[in-house]
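Student: show me how the following folds:
(one chain, ligands or ions: 1)
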Amino acid sequence: MDTQIERFNVIIRVVQGDITCCKADIIVNAANTSLLGGSGVDGAIHRAGGPAILEDCVRIRNKQGGCPVGGAVYTTAGKLEAQYVVHTVGPVWNGGDHQEEELLATCYRHTLQLALELNARSIAFPNISTGIYRFPKEKAAEIAIQEVTRFVQEHVGLNEIIFVCFDAENAQLYSRKLQSPIG
Ligand code: ADP
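Tutor: Residues are numbered from 1 along each chain as shown. The predicted model follows:
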C-alpha cells in the first residue's frame, strides 16, 4: 500500500519496507549519540552498507564526539545505492515533558537542511525514535509530516521525500495523515 501526494512541487511518498532497499540520494539513519551503531534500522543500514559507514562514523566521533540529540551528520553510503547516509539522533521518549517533540522536529529539519547542502534530490526517512526510543507513533508521524511539509514550502531543491515504514501500523498512520487536509 503506497501513498503518494504532491506538496509544493515535491513528491511525498509512504512505502512499507526495508529502508536499505530504497532508492534515494540520501538514506536517513535513526542513530544514537555515540554513532557507533546499534540495533533496529541502524543495524540494518550498517549491515547492508558495509564497514565503510562505521569507519566514517568513528572519524566523526573522534573529531566531534558523536552527534547530539536532534543533530545530523553524514557519511558515505558504502554499498547502499544512495549517495550518503545522514545519521540523525532522535530523542528517547520519556513521558513527553523533556522536549521530545521539539527534538524530533529538529531531527527532521537538520536532516533536510543537510540534504540540501549535499545537493540531494531525494531522501528516505525511517520512522525516527518510534522503535527502541518508544516515541508514540501517531505523534511522531504528525511531527514528521508537519516538518517535511513546512520545509518543502520554504526551500527549493528536493524532488522526492519518502517515508519508509517498517511496520504496517506506521505505514497506515502515515498514509492516513498524509492524505488528511491538515496532515
Ligand atoms: P529508534 O532508536 O530511533 O527508536 P529504531 O531503529 O529502534 O530507532 O526504530 C526506528 C524505526 O525504524 C522503527 O519504526 C522501526 O520499526 C524501524 N525500522 C527497523 N528496521 C528498519 C529497516 N530495515 N528499514 C526501515 N525501518 C526500520
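Student: C-alpha only now, for contacts and for neighbours.
Tutor: Fine.
Student: check which residues of stretch 147-158 are buried.
Tutor: 147-149, 151-152, 158 (16 or more other Cα atoms under 10 Å).
Student: export that stretch to CSV, keeping only CA atoms.
Tutor: Provided in CSV are the C-alpha atoms of stretch 147-158 (Å, rounded to 0.1, in the frame of the first residue of the first chain):
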residue,chain,number,x,y,z
GLU,A,147,8.2,19.3,9.4
VAL,A,148,8.7,17.9,6.0
THR,A,149,5.8,19.9,4.6
ARG,A,150,7.0,23.1,6.2
PHE,A,151,10.5,22.5,4.9
VAL,A,152,9.5,22.0,1.3
GLN,A,153,7.3,25.1,1.5
GLU,A,154,10.3,27.1,2.5
HIS,A,155,13.1,25.5,0.5
VAL,A,156,13.6,24.6,-3.1
GLY,A,157,15.8,21.7,-4.3
LEU,A,158,14.3,18.4,-3.2
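Student: chain center to that stretch: distance?
Tutor: 15 Å (Cα atoms, centre = their mean, to the nearest Å).
Student: and the contacts of that stretch?
Tutor: Under the criterion Cα atoms under 8 Å, 6 or more residues apart in numbering, residues 7-8, 10, 105, 108-109, 112, 116, 119-122 lie in contact with stretch 147-158.
Student: again, only this time at 6 Å
Tutor: Stretch 147-158 has contacts (Cα atoms under 6 Å, 6 or more residues apart in numbering) with 8, 121-122.
Student: so what touches stretch 165-175?
Tutor: With contact meaning Cα under 6 Å, 6+ apart, stretch 165-175 is reached by 3, 16-17.
Student: same deal with stretch 119-129?
Tutor: 24-28, 30, 90, 135, 158-164.
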